[in-house]
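A.B. asks: Can you look at this prediction? I've put the sequence above it.
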Amino acid sequence: MTKSLLVFVPSPGMGHLVSAVEFAKLLLNHDHRLSIAVFIIKSPSHSETQAYSISSSIRQRLQIILLPSDHSDNSSHYQKRKKQIVEIYKPRVRQAVSDLISDPDSPQIGGFIVDMFCTDMIDIADEFGLSPLVFLTSGTALLGVALHLHTLRERDNIDTTASESGKELAVPSFANNVPVTVLPGIALGKEWKSFFLNYGRGFKRAKGIIVNTVEELESHAIHSLSKSDNTSGIPVYPVGPILGRKADSDDDNKKSDVIEWLDNQPPSSVIFLCFGSKGSFGGDQVREIACALERSGVRFLWSLRKPPPRGSIAQPTEYSNFDEILPEGFLERTAEIGRVIGWAPQTQILAHRATGGFVSHCGWNSVLESVYFGVPIATWPLYAEQQENAFQVVRDLEMGVEISMDFNVMSEMGTTFLSAEKIEKGIREVMEEESEVRKKVKEMSQICRKALMEGGSSYSYLGRLIDDITKMV
C-alpha cells in the first residue's frame, strides 16, 4: 500500500528531465510504498514533450504532469531565462500541489524534491508545510563550490570575480587548488553571479541534498561536506550513477547502422567524439578536429552537429551534407577507419566493446556514463560547469586526459580555439592501451556497477533517503 507521495520539480532541459525521471523510477523500484508526481516545466527551446519508458510494475505509481505552458520570455540570456521560467511556473506548481493535496485518492505528500536550478520553488514547499529536498544532476564537487562561494560572499564578504583569472582557490570539495578559469562562468561574471549565489542559498534551505554520484567516485568531495559548516548538518545522499536514457532513441530491438559498424571494429579501438545535446563548433574548429583525427590514424566515430544561428537559444541541428563543413576529401580518405554521424546513441556507443576513448564536453551525465562503462575521457568542456568537471576528471580523479579544461564558448575567459596538434595529442593519450588512466577508469567502472546493487554504497544511501522521506509524512 502506498504510504508517501513525492513531488518532483525538474528544471527544463533534457538532461535534467531525463535524470529526474530515471531517479523517480529508481526510487519506485526500490520501495513499493512510494508514488511520485513529476511536474514538467516545458522549456521554450523545446517544441516536443519527451517520451519516457516506464515499466508496467511502476506505471500506476508514477505520474508525469505537464504544467500549462505560456512562455513570454524570449531572452537569449540562458541563466536569466531559467530564472524567469521558474518564477513564471511558481503559481502553476502551487496549483498542482494544491490539487494533489485536495485529491481524496492521493497519498499524503512526504517530500518536495526540486532540481538544483529550481530552489526558489522551496518557497512553495514552505507554504504547504512540506519537506524540501534538492536533486543535484551535477556532481558533489560542484555542490561544494556553490556552498563555498556563497559562504565566502555572505559570511566573509569575499567576492571572487573573473578578473582574478590568474588565481587558484582552495575549495574544500576539491583535493587540488582550483584555477578560477575552470569555475562556472555564472559563478564569476557580474551579470550572472547573483543566480549562482542563489543556488548556494537554496541548497542551504533544503532538508537534504540528493546527488547523482557515487560515494567512492567523489569520496573527497563527499567527506569534505560532512566536515564543513557550509551544509549546517544537511544530509547529502549520493545515490548514483543515474544514467540518462532516451526511450525514443535507444531501441534494444533494432540495431542501428552505427552499432553494426562498431561490431566490426577491434575491441577498445575507436575514439568517440560527442559534445552533448547543445555542443557544436564553427567551421574552423571542425576542420581542426578533422585534421587531428586524420593525422592520428585512430579509428573514430564523430557526432557532428550544426550550430544554431548566432544568438539563438535553439539546439544544434543535423547537417544535410557533411562535405559542406569538413575538409575536402576527408570522408573519402578516412572511410576505412571512421564514421561521421549526426545525433548519436551515446549510452549504446559507450557501452560497446569497440569504444576505447571518449572526447567529451564533460557534462556530468556524460562523465558518469563514461566511468560506468569504463571508457577514459579526453576533456573538452564548452560551458556551464563542464570546465570544473573536466578539472575534476583530470586532476582530482585522474580518470581522463586533457585536451582542454578552460575552453568556454560562452565567455571570453577561456581558450576559444584549439589547434589540431593539441587535439591529436589528447586523442593519442586517451587511447593508450596500458595507461594508468585507463586502469583507474576500469576499476571505478566495477565499483559504480556494484554501488546500486544490494549492499552497495548508493543502494544504502537510497534506503536511508527513503527512510528519512517516510518520516517526513
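C.D. replies: Sure, I can see it. Numbering: from 1, shown residues only.
A.B. asks: Now the element after whichever helix in the chain runs longest, going C-ward?
C.D. replies: Secondary structure of the chain per DSSP state H: the longest helix is helix 78-102. Downstream of helix 78-102, the first helix or strand assigned by DSSP states H and E is strand 109-115.
A.B. asks: Show residues contacting that following strand.
C.D. replies: Residues from elsewhere that reach strand 109-115 (C-beta atoms under 8 Å, 6 or more residues apart in numbering): 3-11, 16, 20, 97, 100-101, 121-122, 124-125, 128, 130-135, 137, 210, 469-470, 472-473. The way it works is simple: take the backbone N, C-alpha and C, and place the C-beta from them, glycine included.
A.B. asks: now the angle between helix 78-102 and that strand, please.
C.D. replies: Relative orientation of strand 109-115 versus helix 78-102 (axes from the mean of the first three to the mean of the last three C-alpha atoms, to 10 degrees): 170 degrees.
A.B. asks: Which ones among the contacts of strand 109-115 map onto helices?
C.D. replies: Among those, the members found in helices (DSSP H) are H16, A20, V97, L100, I101, I122, I124, A125, F128, I469, T470.
A.B. asks: Around the fifth one, how many other residues sit close by?
C.D. replies: When you say that, I think you mean I101. A total of 13 residues lie near I101 under the criterion other C-beta atoms under 10 Å.
A.B. asks: Now do it against F358, distance only.
C.D. replies: Separation of I101 from F358 (C-beta to C-beta, to the nearest Å) stands at 45 Å.
A.B. asks: Then the second one?
C.D. replies: As defined by C-beta to C-beta, A20 lies at a distance of 24 Å from F358.
A.B. asks: Excluding residues flanking it in the chain, which one is nearest L130?
C.D. replies: F112 (4.2 Å; C-beta to C-beta, 6 or more residues apart in numbering).
A.B. asks: Then S69?
C.D. replies: Spatially, and ignoring its direct neighbours in sequence, S69 is nearest to K42 (4.6 Å; C-beta to C-beta, 6+ apart).
A.B. asks: for the one you found, helix, strand, or coil?
C.D. replies: What DSSP: H, G, I helix; E, B strand; the rest coil gives for K42 is coil.
A.B. asks: Where does pLDDT dip in this structure?
C.D. replies: Under the criterion pLDDT under 70, the flagged ranges of the chain are 1-2, 43-57, 70-83, 156-166, 185-197, 229-232, 245-254, 408-415, 473.
A.B. asks: Angles on the backbone of the residue of the chain most remote from its centre, please.
C.D. replies: Most distant from the centre of the chain: P104, at 37.1 Å, with distances by C-alpha atoms, centre = their mean. Phi and psi for P104, reported as degrees, to the nearest 10, are phi -70, psi -20.
A.B. asks: Also P241?
C.D. replies: Main-chain torsions, P241, degrees, to the nearest 10: phi -80, psi 130.
A.B. asks: shift numbering so it begins at 219
C.D. replies: Yes, from this point I'll number from 219; that puts the last item at P459.
A.B. asks: ok, it - contacts?
C.D. replies: N430, T431, V432, L586, E587, V589, Y590, C666, A669, L670, S676 are the contacts of P459 under C-beta under 8 Å, 6+ apart.
A.B. asks: Please report how far the residue nearest to L348 lies from C336.
C.D. replies: Here F330 is placed at a distance of 11 Å from C336 (C-beta to C-beta).
A.B. asks: shared neighbours of the two, which are they?
C.D. replies: V227.
A.B. asks: For the two, indicate the residue with more neighbours.
C.D. replies: C336 (28 against 25).
A.B. asks: Who are the contact partners of the more buried one?
C.D. replies: So C336 contacts V227, P228, S229, I259, V304 (C-beta under 8 Å, 6+ apart).
A.B. asks: all helices for the stretch 419-568 of the chain, in order.
C.D. replies: Along the stretch 419-568 of the chain, the segments classed as helices by DSSP state H, counting those that start in this stretch run 437-444, 475-481, 501-514, 548-551, 564-569.
A.B. asks: So for R373, which of the ones you listed sits nearest?
C.D. replies: Across the helices of the stretch 419-568 of the chain, R373 has its closest neighbour in helix 437-444 (16.7 Å, C-beta to C-beta).
A.B. asks: is it true that E639 lies in a helix?
C.D. replies: Yes - per three-state DSSP, E639 lies within a helix segment.
A.B. asks: ok, now which ones touch it?
C.D. replies: The neighbours of E639, taking C-beta under 8 Å, 6+ apart as the test, are A510.
A.B. asks: ditto for the one 10 residues further on
C.D. replies: Counting by C-beta under 8 Å, 6+ apart, M649 touches I489, V516, G574, G575.
A.B. asks: what's the distance between it and S514?
C.D. replies: From M649 to S514 the distance is 8 Å (C-beta to C-beta).
A.B. asks: likewise T358?
C.D. replies: Applying C-beta to C-beta to T358 and S514 gives a distance of 34 Å.
A.B. asks: returning to what we had before: need the max-distance pair from the contacts of P459.
C.D. replies: Greatest spatial distance in these: E587 and S676, 15.4 Å, computed using C-beta to C-beta.
A.B. asks: Can you show me the helices along the stretch 569-691 of the chain?
C.D. replies: 582-590, 604-609, 638-648, 654-669, 675-688.
A.B. asks: So for F540, which of those sits nearest?
C.D. replies: F540 lies closest, by C-beta to C-beta, to one member of the helices of the stretch 569-691 of the chain: helix 638-648, at 17.8 Å.
A.B. asks: Buried ones in that closest one, by neighbour count?
C.D. replies: Buried residues in helix 638-648, defined by neighbour count with 16 or more other C-beta atoms under 10 Å: A638, K640, I641, E642, K643, G644, I645, R646, E647, V648.
A.B. asks: Distance to R423 for those residues - can I get that in TSV?
C.D. replies: Shown next, in TSV, are those (distance: C-beta to C-beta, whole Å):
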residue	distance to R423
A638	48
K640	43
I641	43
E642	47
K643	45
G644	41
I645	44
R646	47
E647	43
V648	41
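A.B. asks: Show me what the longest helix of the chain is packed against.
C.D. replies: With contacts taken as 3 or more C-beta pairs under 8 Å, 6 or more residues apart in numbering; DSSP states H and E, helix 296-320 sits against strand 222-227, strand 252-258, strand 327-333, helix 340-346, helix 411-421.
A.B. asks: gap between the residue lying closest to R551 once chain neighbours are set aside and L491?
C.D. replies: Once flanking residues are discounted, R551 sits nearest to E512: 6.5 Å by C-beta to C-beta, 6+ apart. As for E512, its distance to L491 is 13 Å (criterion: C-beta to C-beta).
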